[in-house]
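> The following comprises the amino acid sequence and a computationally predicted model.
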Amino acid sequence: MADIFISYASEDRDRVRPLAEALQSRGFNIWWDRSLAAGQDYTAIIEKELKSAKAVIVLWTQASANSTFVRDEAGRARDEGRLVPVLLDQVQLPLGFGAFQAEDFTRWNGGANAPQMQLLVEVLSAKLSGREVNTSEIERRRRRLGTRIRIVSLLTVIALIAGIAWVVNDFVRPDPPQPDLRAELLRLLAEGQLTPEQAIQLATILESGALGETASSETLGAPQPGATDAARDLEPAGTVSEASFDATASAAYRAAFVALAAHPVEDVRLAVAQMSTESTRDGAMQTLWAYANAHPEDPLRDQIFLLCGSVGEVNNNPLGQRALEQATTLRARDPAVWRMLSRSYQRANRTGEAEAAAQVSEGVEAQNNGDTAVAEQQLQQALPHLTAPQLRAPVASELGQIAEARGDFSAASARFSQAYTAREEVAEAAPDSVAAGAIEADAQQLVRALDRSGRTREACDRLRQAQEQHDVAAPDQELLQRCQTQFRTNLRNDVQLAPQLQRRSIETRPRVTPTPTP
């Protein structure tokens, strides 16, 4: 049994992970329901863990404040003196909880040694040791550390402004204009010679363009005029033009930078800021690359690869192409990824693959716009010319989804089989790659398509093979039970839909149920 139980709304799962990991790094024994698999009696398990925990952290957000389960768990902890409330959003707390001081994590930077974490550790330590929390001491430390919290938040703002200034002003240059300005602000803040309020004023001046650093404020939030149209232009040979690539790369860099500047991990934020300076760029890119490959569950992993891909390609770093190839698995329906990859292949004199990637870009854009006929035609033409299995897999998978959407489960199963085979090639050559990590989704799509086409026995056999070779869970409980009872297939009982499939909205159609074989 764990010492600390974390209560939260399921919608906030990705926001809970950094806090749980930070507490674990501080030596606390944490339980939260990330490890529960479908099919388990989760109600009994949660009840048991909640009852045995010495402290119950309740994470208040917009979602959890409206959750009956979270309010019930919080009420039990409050009544038994085990409640430790934490604010992730500025919300009005439910009735009965307003009198309890909640630790403010709305501006937490994700660090295990951040000011907010130090306060939370003190409260938890008191709860676990059975002693009373020294509220006056906690309040004194809260006021003292408040300034540090404001400074940490401000550093992110300054880095964000400097990074956007680079892309708006001159993305393709090797160095941003006046790179020492950001360093000077950071130095003054660190030495205490500049107050947070003064730094905010300087940042406002910087954003307004008074120092010649940025364009107008309107430019900061949107791509340059004509960038969208330019990004669709193809050269006569069928590859992406240089101007189109520049526009696409700038937009991709901006979006990724904005998302990652507030990443909960300090090393990631620092590396993102260092990407705009030539002397630190390559090292920062290596840091981001290593982090993304070591943290497959990070919800911003795709943005890391997009940042490395766009900046790497602009600055002729070979890691750029590899990052874009990884991104095709995570963002298979993003035309910008395929567009940038097309230009990357063209620069490397891989003309056939460049043309194929450009076709995929056009195809997924049509698919996103609902024109599945054009999408299918483009993707079918591109598929034979994609030599790398990690590129064939997402394209075959998209073709399978198009076939599945129109109810052609035989064609869908053939395409998903292609995708699964390609993923197996990747897994054999690079077991830790992003493409290898998507093999569960392809296996589950294949199994479901076979079942819906009336080939349930084959579906059960493929699921058994996938479980033995790649540790794949069954896609749903009902299919698992039919495989075990009707066809006597020896399968594990774990049921867990792959995360990639959980994020997709695939139309559910009636299943063709075959007559059981005697």
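Yep, that arrived.

> For this protein, which segments are assigned as strands?
Here the chain has its strands, by DSSP state E, at 4-7, 30-31, 55-60, 83-87, 103-104.

> Is it possible to get JSON lines of those that adds mean neighbour count?
All C-beta atoms are positioned from the backbone trio N, CA, C, and that covers glycine. Listed next are those as JSON lines, based on neighbours: other C-beta atoms under 10 Å:
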{"stretch": "strand 4-7", "mean neighbour count": "25"}
{"stretch": "strand 30-31", "mean neighbour count": "19"}
{"stretch": "strand 55-60", "mean neighbour count": "25"}
{"stretch": "strand 83-87", "mean neighbour count": "21"}
{"stretch": "strand 103-104", "mean neighbour count": "17"}
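
> who wins for proximity to residue 490 among those?
strand 30-31 (32.0 Å; C-beta to C-beta).

> Kindly provide the whole-number mean pLDDT of the closest one.
Mean pLDDT, computed over strand 30-31, is 92.

> That one pairs with which strands?
Sheet pairing here is set by DSSP bridges, and for strand 30-31 it gives strand 4-7 (parallel).

> Touching the strand it pairs with from outside, list them.
With contact meaning C-beta atoms under 8 Å, 6 or more residues apart in numbering, strand 4-7 is reached by 16, 19-20, 23, 28-32, 49-50, 53-59, 64, 69-70, 73-74, 77, 124, 128.

> Turn the strands of the chain into JSON lines, including distance to residue 441.
Shown next, in JSON lines, are the strands of the chain (distance: least, C-beta to C-beta, whole Å):
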{"stretch": "strand 4-7", "distance to residue 441": "28"}
{"stretch": "strand 30-31", "distance to residue 441": "28"}
{"stretch": "strand 55-60", "distance to residue 441": "29"}
{"stretch": "strand 83-87", "distance to residue 441": "33"}
{"stretch": "strand 103-104", "distance to residue 441": "37"}
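
> Indicate which one of these is closest to residue 405.
Residue 405 sits nearest to strand 55-60 of all these, at 37.2 Å, using C-beta to C-beta.

> Out of the strands of the chain, flag the one nearest residue 427.
Comparing the strands of the chain under C-beta to C-beta, the one sitting nearest is strand 30-31, at 31.4 Å.

> Show residues contacting that closest one.
With C-beta under 8 Å, 6+ apart, strand 30-31 has contacts from 1, 2, 3, 4, 5, 6, 20, 23, 24, 49, 53.

> Pass me the low-pLDDT residue ranges in the protein, would you?
Counting by pLDDT under 70, the chain contains low-confidence ranges at 34-42, 109, 133-240, 436, 499, 502-518.

> Domain-wise, how is it divided?
The chain is divided into the following domains under automatic domain parsing: 4-133, 148-220, 227-502.

> Looking at those, which one is packed in the most?
Highest mean neighbour count among these (mean count of other C-beta atoms under 10 Å): domain 227-502, with a mean of 20.

> in the stretch 301-450 of the chain, which spans are helices?
Listed in chain order, the helices found in the stretch 301-450 of the chain under DSSP state H, counting those that start in this stretch are 301-314, 319-330, 335-347, 351-368, 372-382, 389-405, 409-429, 434-437, 439-452.

> ugh, typo on my part, it should be the stretch 1-150 of the chain
13-25, 42-52, 68-79, 115-129, 135-170.

> wait, what's in contact with residue 304?
Residue 304 neighbours (C-beta under 8 Å, 6+ apart): 256, 260, 268, 288, 289, 291, 292, 298.

> no no, residue 359
When contacts are counted by C-beta under 8 Å, 6+ apart, residue 359 touches 238, 378, 379, 381, 382.

> how close does the fourth one get to residue 495?
From residue 381 over to residue 495 the distance is 37 Å, taken as C-beta to C-beta, to the nearest Å.

> How about the third one?
Taking C-beta to C-beta as the measure, residue 379 and residue 495 are separated by 31 Å.

> ditto for the second one
Distance, residue 378 to residue 495, using C-beta to C-beta: 35 Å.

> ok, so what distance separates residue 453 from residue 447?
Distance from residue 453 to residue 447, counting by C-beta to C-beta: 11 Å.

> Also residue 122?
Using C-beta to C-beta, residue 122 is found at 50 Å from residue 447.

> Bridged to residue 495, which residues?
For residue 495, the beta-bridge partners under DSSP bridges are residue 38, residue 474.

> Torsion angles phi and psi at the residue sitting nearest the centre point of the chain?
The residue lying closest to the centre of the chain (C-alpha atoms, centre = their mean) is residue 299, at 1.7 Å. For residue 299, the backbone dihedrals (degrees, to the nearest 10) come out as phi -70, psi -20.

> list the contacts for it?
By C-beta under 8 Å, 6+ apart, the neighbours of residue 299 are residue 14.

> My read is that residue 393 contacts residue 437, right?
No: using C-beta atoms under 8 Å, residue 393 is not in contact with residue 437, being 11.4 Å away.

> Spell out which residues are contacts of both of these two.
Common contact partners of residue 393 and residue 437 (C-beta under 8 Å, 6+ apart): residue 329.

> How about residue 391: what's its closest non-neighbour residue?
Sequence neighbours aside, residue 328 is the residue nearest to residue 391 in space, at 5.9 Å (criterion: C-beta to C-beta, 6 or more residues apart in numbering).

> for residue 132, same thing?
Nearest in space to residue 132, with sequence neighbours left out and distances taken as C-beta to C-beta, 6+ apart, is residue 126 at 6.8 Å.

> What of residue 321?
Using C-beta to C-beta, 6+ apart, the closest residue to residue 321 is residue 344 (4.5 Å).

> Pull the contacting residues for that neighbour.
Per C-beta under 8 Å, 6+ apart, neighbours of residue 344: 313, 320, 321, 324, 354.

> Most widely separated two among those residues?
Spanning the widest gap among these are 320 and 354, at 14.7 Å by C-beta to C-beta.

> Quick check: the residue nearest to residue 132 touching residue 84?
No: the pair formed by residue 126 and residue 84 falls short of the contact definition of C-beta under 8 Å, at 9.6 Å.

> so residue 127 makes contact with residue 80?
No: the pair residue 127 / residue 80 is not scored as a contact, 11.1 Å apart, by C-beta under 8 Å.

> Quick check, residue 335 in contact with residue 358.
No: using C-beta under 8 Å, residue 335 makes no contact with residue 358, being 9.8 Å away.
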